[in-house]
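Engineer: Just to be clear, the model below is a prediction. Sequence and coordinates:
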Amino acid sequence: MPTDLLPDERALRYGRRERALAAMADADLDVLVLGRPANVRYVAGAPLLWNAGPRGFSPSGVLVRVTGEVHLLSTWDEGVPEEITHDHLYGLTWDPMNLVAALQRINESAAPQRVGTDALSPLFAKLLPLAFPGAEVVDGEPALRAARRTKTAEEITAISGAIGIAETALAAAIAELRPGITERELTGVFMDSMASHGITTPATQDIARITSRPRSGRDERVQTGDLVVFDAGVVAGGYTGEVGRTWVAGTRGHGAAARELFRRCHDLSARLVDACTVGASADALFGAYASAGEAVPAIPVARGMGLGLDDPLVVRDLPATAAATTLEAGAVLAVTASVTDPAVGTITGQDVVVVTAAGPELLTNSPWWDE
Amino acid sequence: MTTTDTTPTVDGMDAPTTPDVVRMQSDRNARLRGGMAAQGVDALVLLATGNVTYATGATWPLADAGRANVERPVAVVVAGDDQAHLFTPFRDAGASPAERGIGLDDDHLHGPVYLDFDEGVEAFAEVLAGLLPANAVVAVDDVTAAMHRSRSLLFAEWPPRAAGDVMGPARLVKTPDELAVMRHGLWIAEQAMADVQLHLEPGMHQTDLTARFLHRAFELGADANILDPIWQVMPDRRGDLPWTVNGDIACPLLTTERELAAGDVLWVDTSMLYGGFHTDFGRTWIVGGEPSARQQAQYEQWRAINDAALAVLRAGATGAELTAAARSVTNVETPWMAHFYLAHGMGLDSAEAPFIGSDLGDAFDASLVLEAGTIVVLEPVVWDEGHSGYRSENVYVVTDDGSRDLTDYPYDPYGN
């Protein structure tokens, strides 16, 4: 991490913008009005202030197809790429009509027929037609999803960097795992290590959970023999890097049943990684569970990694979505193996895989628990 | 739970030091149902974190927006039902009680919905249809792209009603139990910041301060970090900061591995999550040193501005009274950042209504009348061109007879 706040590398931001513009052309969109932080980062290439949690819709970045230009909600130019000139910045405001005015200026120069948005709110559903009176306001999100689904080489490098920090901080938390420590304290150790390595923004803040017995909450103290699931992630340079492992606290209290559960989790994990091949249906990840003889859990079994979360989200509750999704070369997936034995607990492992023509390529490298 | 000096009173009631969360949720439920009736809304569909927490009592450790936008709890409030429905990924046996909401029966606790996907919206629409009467007036706070695509499945009219019309007034005034939760969150944040300040010395990196803050905050009971902590080194001159659209000082700027030097003036700003509530902390620190006479004078002026605003802060005061009081100390300059405000509210969001001194304008401030139980975070700024400046934030609750300070943190190294 540099000591000056810099925009994303030129190759990264132009590569992404090119994909976004191509997706706009395919979807016949003249202007994209974006509110999701990851979408804004994707087209603008500027680091923005990080806040936890979902973000409600507000026009925070605008991409114009005919010129390829980006307009950005930013009161200052620090970290803003040189190609986004001062007259393309509009400042923080508490009056939505000021945002409408900024969009009206874009409307005058771009004269769009079709304006896509990545989300909406009741207020902006009313205001966007005022800003773009001659245009049809349509759903622009599939275009962005299509652009973001597969990664450029520079993006995969960025994701690897984020994973490296997540793995380092995960190892720091695991090193502190001992009877008496709480889940919350383990999260604190993870955050400390992450920030000490230059990254101050987590992808998840629920780092450690005891799964071998009922827990009262995050102040639950670890006991000898507890299974603790670590779900670790950081956001570095805008990119998410995640890794998950399960550890046994202390040196006693586990036995053949826990070892058997770990064996099942390893086996499932290998099957999930192998299922990440070009042209496969995302259904194949459910298939990996079936072939291992494991029940598909409620949590997502695969998440697309990128700027934030990308397609696909493969989860039990969205079977048709998975069936309709084909894995493409350049997709990056975090695959989650989760196995449960009611007498022992739940063991979860999460690894990140790049789908390539030569087969799945593993980006994570964290050790598994081994007595 | 730690107590501080004075107990705030709201509508004549003392704020307890230990919250009764069941009573807190029951008060929230009553306000929401009252607001829905007044607005003619039959159902609320809530996606925003603060709104879901308000309606259900559920809190959870917030992830980055990437995951949080897609795997998020959603609440549905139906008129005539005294409990909200919670759709959440945190429902399994392993979920914390906090994640399962307060006082929700099992038939109001549902598995997750995925409103970023057509298939998820269709499934949700089916459940919703079973919960609502035909032609119900539905208000919503946020609309995903997939909800926009399938809007005819969800909404009888487009655009739908804004849930903010109900949520905003309900959330504006805090109950005594809510204040008790907030006070403990503020205490956690202040303890963690005290630890950071104690260890502050030249040669540390900005990111080292974040590391210590996050570690300590979680140890003390924080549920999540809310804001990438700010430790901005303020130069002497405005021109040494990045260019801004409004000509004002650029702040807050993001944290890097920048090494701190003796004498650096740091504007710090942090926010974390506790019990669903956000905290706010703002102070000016000097790295490894004491303020000069000039810097001390900046602080004294800041105190005078803060005190002037505080002197008029009470139930019934208008926002314009506060801005006028703050301006009266400096005569000409507006002593706060042009892209922010003199004061903002705080609660289940870090910066929420009321906004005072923002670009909504003087007429808006004049129309804004403060009520007892409203949180007002004062954040005046003194900029002394050529000599940097001073900024701090304090959290106040408006009370029947004035206000109470919920911030309990010294102004070291400038004063106590």
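Structural biologist: In hand now; what should we look at?
Engineer: residue ranges of the helices in the chain, please?
Structural biologist: Picking chain A for this. Secondary structure of chain A by DSSP state H: the helices cover A:10-26, A:37-44, A:96-110, A:122-131, A:141-149, A:153-175, A:183-196, A:256-274, A:283-292, A:319-323.
Engineer: look at chain B instead
Structural biologist: Under the criterion DSSP H, chain B contains helices at B:21-39, B:49-56, B:65-70, B:118-131, B:145-149, B:151-154, B:164-172, B:176-199, B:206-220, B:293-312, B:319-330, B:362-367.
Engineer: hey, which of the ones you listed is tucked in deepest?
Structural biologist: Most buried of the helices of chain B by mean neighbour count (mean count of other C-beta atoms under 10 Å in any protein chain shown) is helix B:49-56; its value is a mean of 27. Yep, even glycine has a C-beta here, placed from its N, CA and C like the rest.
Engineer: Which residue does chain A have closest to chain B?
Structural biologist: A:G308 (2.2 Å; C-beta to the nearest C-beta).
Engineer: re the thing from before, would JSON lines of the helices of chain A with distance to chain B, mean neighbour count and mean pLDDT be doable?
Structural biologist: Listed next are the helices of chain A as JSON lines, based on distance: least, C-beta to the nearest C-beta, whole Å; neighbours: other C-beta atoms under 10 Å in any protein chain shown; pLDDT from 0 to 100:
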{"stretch": "helix A:10-26", "distance to chain B": "14", "mean neighbour count": "19", "mean pLDDT": "95"}
{"stretch": "helix A:37-44", "distance to chain B": "5", "mean neighbour count": "26", "mean pLDDT": "96"}
{"stretch": "helix A:96-110", "distance to chain B": "7", "mean neighbour count": "16", "mean pLDDT": "96"}
{"stretch": "helix A:122-131", "distance to chain B": "4", "mean neighbour count": "19", "mean pLDDT": "96"}
{"stretch": "helix A:141-149", "distance to chain B": "3", "mean neighbour count": "22", "mean pLDDT": "91"}
{"stretch": "helix A:153-175", "distance to chain B": "10", "mean neighbour count": "21", "mean pLDDT": "97"}
{"stretch": "helix A:183-196", "distance to chain B": "3", "mean neighbour count": "26", "mean pLDDT": "98"}
{"stretch": "helix A:256-274", "distance to chain B": "15", "mean neighbour count": "18", "mean pLDDT": "95"}
{"stretch": "helix A:283-292", "distance to chain B": "13", "mean neighbour count": "19", "mean pLDDT": "98"}
{"stretch": "helix A:319-323", "distance to chain B": "5", "mean neighbour count": "16", "mean pLDDT": "97"}
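Engineer: Quick one: these as a markdown table, columns for distance to B:D92 too.
Structural biologist: Output for those, formatted as a markdown table (distance: least, C-beta to C-beta, whole Å):
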| stretch | distance to B:D92 |
| --- | --- |
| helix A:10-26 | 36 |
| helix A:37-44 | 27 |
| helix A:96-110 | 39 |
| helix A:122-131 | 33 |
| helix A:141-149 | 28 |
| helix A:153-175 | 22 |
| helix A:183-196 | 16 |
| helix A:256-274 | 17 |
| helix A:283-292 | 17 |
| helix A:319-323 | 19 |
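Engineer: re earlier: among the helices of chain B, which is nearest chain A?
Structural biologist: helix B:65-70 (2.2 Å).
Engineer: Which strands or helices does the closest one pack on?
Structural biologist: helix A:37-44, strand A:308-314 (3 or more C-beta pairs under 8 Å, 6 or more residues apart in numbering or on different chains; DSSP states H and E).
Engineer: pLDDT on the shortest one, on average?
Structural biologist: Okay, so that is strand A:308-314. Here strand A:308-314 scores 91 as its mean pLDDT.
Engineer: Run through who's touching that strand.
Structural biologist: Identification of contacts with strand A:308-314 by C-beta atoms under 8 Å, 6 or more residues apart in numbering or on different chains yields A:36-38, A:145, A:148-149, A:235, A:238, A:240, A:282, A:285-286, A:300-304, A:321-322, A:325, A:327, A:331-333, B:64-67, B:69-71, B:114, B:116-117.
Engineer: would TSV of the helices of chain B with mean pLDDT be doable?
Structural biologist: Listed next are the helices of chain B as TSV, based on pLDDT from 0 to 100:
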stretch	mean pLDDT
helix B:21-39	97
helix B:49-56	98
helix B:65-70	92
helix B:118-131	97
helix B:145-149	95
helix B:151-154	94
helix B:164-172	97
helix B:176-199	97
helix B:206-220	98
helix B:293-312	97
helix B:319-330	95
helix B:362-367	98
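Engineer: so can I have CSV of those showing distance to A:D139?
Structural biologist: What follows is the helices of chain B, written out as CSV (distance: least, C-beta to C-beta, whole Å):
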stretch, distance to A:D139
helix B:21-39, 28
helix B:49-56, 23
helix B:65-70, 16
helix B:118-131, 10
helix B:145-149, 5
helix B:151-154, 10
helix B:164-172, 22
helix B:176-199, 38
helix B:206-220, 38
helix B:293-312, 45
helix B:319-330, 38
helix B:362-367, 33
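Engineer: A:S338 is nearest to which of the ones you listed?
Structural biologist: Proximity to A:S338, assessed across these by C-beta to C-beta, is greatest for helix B:65-70 (16.3 Å).
Engineer: Please compute how far the closest one lies from its chain's middle.
Structural biologist: Centroid separation for helix B:65-70 versus its chain: 19 Å, with C-alpha atoms, centre = their mean, to the nearest Å.
Engineer: quick revisit: compare the helices of chain A and report which one is nearest to A:V222.
Structural biologist: Closest among the helices of chain A, using C-beta to C-beta: helix A:183-196, at 7.7 Å.
Engineer: next one: the closest one to chain centre, how far?
Structural biologist: 20 Å.
Engineer: what bridges to the residue of chain A closest to chain B?
Structural biologist: A:G306 (DSSP bridges).
Engineer: right, so of the helices of chain B, which gets closest to B:A261?
Structural biologist: Closest among those, using C-beta to C-beta: helix B:206-220, at 11.7 Å.
Engineer: quick revisit: between the helices and strands packed on helix B:65-70, which one is closest to B:W231.
Structural biologist: helix A:37-44 (21.6 Å).
Engineer: can you list contacts of the closest one?
Structural biologist: By C-beta under 8 Å, 6+ apart, the surrounding residues in contact with helix A:37-44 are A:8, A:13, A:16-17, A:20, A:32, A:34, A:47-48, A:55, A:60-61, A:63, A:70, A:72-73, A:80-81, A:84, A:118, A:144, A:147-148, A:238, A:306-309, B:65-66.
Engineer: and that helix with helix A:153-175, angle?
Structural biologist: On the basis of axes from the mean of the first three to the mean of the last three C-alpha atoms, to 10 degrees, helix A:37-44 is oriented at 140 degrees to helix A:153-175.
Engineer: Just the C-alpha atoms of helix A:37-44, please, in CSV.
Structural biologist: Extracted in CSV, the C-alpha atoms of helix A:37-44 (Å, rounded to 0.1, in the frame of the first residue of the first chain):
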residue,chain,number,x,y,z
PRO,A,37,-19.7,1.2,-4.7
ALA,A,38,-18.1,-1.7,-6.6
ASN,A,39,-19.7,-0.6,-9.9
VAL,A,40,-18.5,3.0,-9.4
ARG,A,41,-15.0,1.7,-8.7
TYR,A,42,-15.1,-0.6,-11.7
VAL,A,43,-15.7,2.3,-14.2
ALA,A,44,-14.0,5.1,-12.4
